[in-house]
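[1] when you get a sec, could you give me coordinates for this:
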Amino acid sequence: MKKPVLGLILGGVLGTLDGLSALVSTPEVAPQIASIVAGSTVKGLVAGVIIGAVARKVNNLAIGLGVGLVTGALLALPIAVQAQPPKGEVYFWEIIIPGSIVGLIVGYATQKYGTRPAPR
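    Below is the predicted model of the structure:
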């Protein structure tokens, strides 16, 4: 499977699981879970395409992991800053860390298991 396609699929699946993990880490957000899952899925899809595109150009595991980590964290950052939880609590790290982990996993998988286009 080509690296951007693998990144897209894996990013979408892991993004969905990332959103669902909010029920475990912060059960008080259960009424908002549909929008959390939708946002995390879109974030995972975007991250997957970006990471897969970089993996297509650069065949280096360390760079893939770094790009995955940074992309996951940067895409989670606006959501973490905007989060308006009830009772004035802050969920900054509860949003940034899973987003970064999704990026790391997608970065690893696209470098390790994705196929590069054949040379011309």
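[2] residue 63 and residue 54 touch, don't they?
    Yes. Counting by Cβ atoms under 8 Å, a contact exists between residue 63 and residue 54, whose distance comes to 7.4 Å. To be clear about C-beta, it is placed using only N, CA and C from the backbone, and glycine gets the same treatment.
[3] comparing these two, which shows the higher neighbour count?
    Between residue 63 and residue 54, counted using other Cβ atoms under 10 Å, residue 54 has the larger neighbour count: 22 against 15.
[4] now name the helix or strand holding the more buried one.
    For residue 54, the enclosing helix or strand under DSSP states H and E is helix 33-57.
[5] which strands or helices does that helix pack on?
    Applying 3 or more Cβ pairs under 8 Å, 6 or more residues apart in numbering; DSSP states H and E, one finds that helix 33-57 makes contact with helix 3-20, helix 22-25, helix 61-82, helix 92-113.
[6] tell me the pLDDT of the residue lying closest to residue 90 once chain neighbours are set aside.
    Spatial nearest neighbour of residue 90, excluding adjacent residues (Cβ to Cβ, 6 or more residues apart in numbering): residue 83 at 7.7 Å. Reported pLDDT at residue 83 in the predicted model: 72.
[7] quick one: residues contacting residue 83.
    When contacts are counted by Cβ atoms under 8 Å, 6 or more residues apart in numbering, residue 83 is found next to 90-92, 95.
[8] and for residue 41?
    Residue 41 makes contact with 12, 15-16, 19 under the criterion Cβ under 8 Å, 6+ apart.
[9] for the spatially closest residue to residue 37 that is not a sequence neighbour, grab the count of nearby residues.
    Here the nearest residue to residue 37 in space, its sequence neighbours aside, is residue 19; by Cβ to Cβ, 6+ apart that works out to 3.5 Å. Counted with other Cβ under 10 Å, residues neighbouring residue 19 total 22.
[10] and residue 19, how far from residue 94?
    Distance, residue 19 to residue 94, by Cβ to Cβ, to the nearest Å: 12 Å.
[11] before we move on, what about residue 42?
    Taking Cβ to Cβ as the criterion, residue 42 is separated from residue 94 by 18 Å.
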